[in-house]
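Visitor: Please find the sequence and the predicted model below.
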Amino acid sequence: MKILRNILTIAALILAILITGCSFPIPETTFVTVASIDGQQVGQPNATAASPDGAETTETTDLYMATESLDFSDFIFVGDSRTVGMGQVLNLNTIAEVGVGYSFLAAHREEILEYSGKNIVFNLGVNDLAHIDDYIEFFQRLPEEFCFDNNIYVVSVNPTSGAYSSMNGDIDYFNVQLSDSLPSTCKWIDTCSFLREAGFGSPDGLHYDQQTYELIANLIYNNVMLYQSLGY
C-alpha cells in the first residue's frame with residue numbers, strides 16, 4: 001500500500017505540473033517565506049517585463065490552474081487554521097477552526113460520519129504533532145460503512161518556515177507515522193514534499209498566502225482525480 005501511495009503521489013505531482021503548465025525549481029533553501037517559482041515570487045503575481053520599446057510593462061503569470069475550474073462541490077475539508085485560510089480563498093465547504101487539533105477532530109466525529117457521497121479531506125495536525133497516536137487511532141477506527149459511502153483523503157501536514165522552521169523535524173515524523181499507519185480505506189496525499197521542492201509563500205512561517213493555498217488546493221484536487229481515475 002505504501003508503494004502504491006508513493007507512485008500515486010509522484011504521478012499526481014507530475015499531473016499537477018503538466019496541468020498548470022509551469023515548472024517548479026528547487027529553491028536554495030528548503031524552507032522559505034517567499035519562494036521563487038518560474039523566476040517569480042509566490043505572493044507576487046505580477047511579473048515586470050521589458051516591452052519592445054524598452055518601457056516596463058506588468059504581466060500576470062497564471063502559476064496554477066484557475067481555481068474556478070476546479071469543482072469542489074462534493075468536497076468537505078476538515079482541518080485547522082490552514083484549512084480555514086484555504087477555505088476562505090476558495091470558498092470551500094469546511095469543518096475547521098483556528099488553533100485546533102485532535103480534540104476538535106474527535107468532537108466533530110459524529111458530524112463528519114453523517115456525510116455520504118463526499119470527498120472528505122482531512123488536513124490538520126500542525127497544532128498538536130505530539131498526538132500522532134490519537135490521529136492514527138481516529139483513522140483506523142473510522143466505520144467501514146462510512147468509508148464505503150465516501151472517499152476519504154488524509155493530507156500531509158505541510159512545512160513551516162521562519163520562526164516556526166524548528167517544527168519541520170516533528171512534521172516529518174508525524175507524516176511518516178501517519179501515512180504508514182493509514183488503513184486502505186484512507187488515501188494519503190503528500191503535499192508537503194511538493195511544497196518543499198517548489199517553495200511556498202508564508203506571511204508568518206505557519207500560514208500561507210493566497211497563491212500557496214491555491215497550489216495546495218490544486219495538488220489535493222489532482223490527487224483525488226488521479227485516485228478516482230485509477231479506481232481507488
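Guide: Nice, thanks for sending it over. Keep in mind that what you see is a predicted model, and the values were worked out from it rather than measured.

Visitor: Mind jotting down where the helices sit in the protein?
Guide: 2-20, 81-90, 102-107, 109-113, 132-140, 144-149, 168-181, 192-198, 210-229 (DSSP state H).

Visitor: Quick check: which of those helices is nearest to Val155?
Guide: Closest to Val155 of the helices of the chain is helix 210-229 (CB to CB; 6.2 Å). Glycine gets a C-beta too; all of them are placed from N, C-alpha and C.

Visitor: how about low-confidence regions in the chain?
Guide: For the chain, the stretches with pLDDT under 70 are 1-68.

Visitor: which residues does Leu142 contact?
Guide: By CB atoms under 8 Å, 6 or more residues apart in numbering, Leu142 lies in contact with Leu113, Ile152, Pro183, Thr185, Cys186.

Visitor: what about it, distance to Leu129?
Guide: Separation of Leu142 from Leu129 (CB to CB, to the nearest Å): 21 Å.

Visitor: so how far is Ile220 from the closest residue to Val155 other than its chain neighbours?
Guide: With CB to CB, 6 or more residues apart in numbering as the criterion, Val155 has its nearest non-adjacent residue at 4.1 Å, and that residue is Asn123. Using CB to CB, one obtains 8 Å as the distance from Asn123 to Ile220.

Visitor: what does Lys118 give?
Guide: Lys118 is 14 Å from Ile220, by CB to CB.

Visitor: Look at the two and report which has more neighbours.
Guide: Ile220 (24 against 16; other CB atoms under 10 Å).

Visitor: Contact partners for the more buried one?
Guide: Val121, Asn123, Tyr153, Val155, Ile189, Thr191.

Visitor: Tell me the one among those nearest to Gln210.
Guide: Thr191 (16.1 Å).
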